[in-house]
Every structure is written in C-alpha cells, then in structure tokens.
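> Generate a structure from the sequence data that follows.
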Amino acid sequence: SSARTLAKSSAQPARKTTKEQSLARGVVPATHAQEEGKKTRDLEAASWNAALASYKEQVALYNFSEAAEASKNVRLSDASLKRAKEIAEKKALWLIEWKNDLIKDLNGAHFSGALADRNGEQYTGIAGATDKSLSLKLPYGIARVPWTELSPEALLRVSTSFIQPTAPDVRRHRGGGSAR
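Alright, predicted model coming up:
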C-alpha cells in the first residue's frame, strides 16, 4: 500500500512537469512571434524616422519633390506608420502643386509689393521664379536668390496675393466638396 502511494505521488509530478513543459512550449512561439513583430516595428520606426527627418529637411529647403521621394522610398507594414507616410506624401504633393502654381503666377503676372528676405534686405517685388530660385526686384535691378531666403510667411503672403476675389471655391475646383 505504501509502495502504491509512493508510485502515485512520484508519477503525478512527472505528469505536471510534462504539462508545464507543453504549456511552456506553447507560450514560447507566441512570445517569439511578439518579439519578432516588435523588432519589425522598431526597425520600421527607425527607418521611417530617418525618412521623416530627410523629408522635413527637404520641406524646409522648399525641395518638395525631394521630400516626396524621401517618404516614398520607405517600405512599411505597421498601420500607424503607413498612415503617417500617406499623410506626408499627400502634403508633399500639395506643396509641389502650390510651388508650381506660384512659379507660374510669378512668371506670368509677377508680384509687386514690399517684402524682405530673412536677413532684412528689402525688395519691391518678384519678377519671376524657377524651381531653385526667385528673381527679386530691387530699386536698381534684379537679385536671384534661393527660395530659402524668404520665410514661409512671406511666400504665403505673395501666394495669396494671386487669389482673385471672384475665383470659384477652391474646394469645388479640387473635388473637395461643396462650398456651403
């Protein structure tokens, strides 16, 4: 009788150990998969952060096409990073369109009005523009300067000067809904 009790008590822990081992085996692959998923997200986040830094640098230089390329070349699977990438790409496309429209307006109608560059140099207008530079009017001639010499606020003021009060609603023109 005591031999039977001893056999039972020594057999039971062996079964528990086997169950614990099988449970542990089931948990390890899930933990491994979670670790791999985290590694992938971390690698993607690092890759996206590097691309985003390049994107922001190019936007600050008014190189919107290069900004679009910086974000376009990153491969992402994480949903939140993909969404951030889509937003950045849309913004870059809008900025490209804005700059192209402004160049067209400046080369066609020019801009007359006082403005200053980042160093405080005064100009009387803008005679024209290319993707790389602006032709700023001086009392004695024209100065060709890079876009970065003008602040975003100055360029916005120049840009909005070309909007006609009778122009159709921009949202309707671009398919963004009604004006109401």
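> And stretch 124-133, what's buried?
Across stretch 124-133, burial judged by 16 or more other C-beta atoms under 10 Å covers 125-129. C-beta: built from backbone N, CA, C; applies to glycine.
> what is the mean pLDDT for that stretch?
On average, the pLDDT along stretch 124-133 is 96.
> Then stretch 137-149?
Mean predicted confidence for stretch 137-149 is 94.
> Outside of that stretch itself, list whatever touches it.
60-62, 112, 117-119, 121, 123-127, 132-136, 155 (C-beta atoms under 8 Å, 6 or more residues apart in numbering).
> Would you mind reformatting the buried residues of stretch 124-133 (as TSV) and adding columns for distance to Leu76 and secondary structure while you're at it?
Shown next, in TSV, are the buried residues of stretch 124-133 (distance: C-beta to C-beta, whole Å; DSSP: H, G, I helix; E, B strand; the rest coil):
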residue	distance to Leu76	secondary structure
Gly125	44	strand
Ile126	39	strand
Ala127	43	strand
Gly128	40	strand
Ala129	35	strand
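> which residue packs closest to the most centrally placed residue in the chain, ignoring adjacent ones?
The chain has Ala88 as the residue nearest its centroid, 2.8 Å off, counting by C-alpha atoms, centre = their mean. Setting aside the residues directly before and after it, Ala88 is nearest to Ser71 in space (C-beta to C-beta, 6 or more residues apart in numbering), at 4.5 Å.
> isn't the one you found right next to Lys85, touching?
Yes: contact criterion C-beta atoms under 8 Å: Ser71 and Lys85 qualify, at 5.6 Å.
> what sits against Arg118?
148-151.
> Could I get the phi/psi values of Arg83?
Backbone torsions of Arg83, given as degrees, to the nearest 10, read phi -60, psi -40.
> I misspoke; the intended subject was Leu76.
Per degrees, to the nearest 10, the backbone of Leu76 is at phi -130, psi 150.
> cool, and Gln122?
phi -90, psi 140.
> Near it, how many other residues are there?
11 (other C-beta atoms under 10 Å).
> That one - nearest residue in space that isn't next to it in sequence?
That would be Ala116: by C-beta to C-beta, 6+ apart, it lies 5.4 Å from Gln122.
> any chance of the buried residues of stretch 124-133 in CSV, plus distance to Thr166?
Shown next, in CSV, are the buried residues of stretch 124-133 (distance: C-beta to C-beta, whole Å):
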residue, distance to Thr166
Gly125, 23
Ile126, 23
Ala127, 26
Gly128, 25
Ala129, 25
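> how far away is Ser71 from Asn63?
13 Å (C-beta to C-beta, to the nearest Å).
> Could you pull out the buried residues of stretch 67-78?
For stretch 67-78, using 16+ other C-beta under 10 Å, the buried residues are 67-71, 74, 76, 78.
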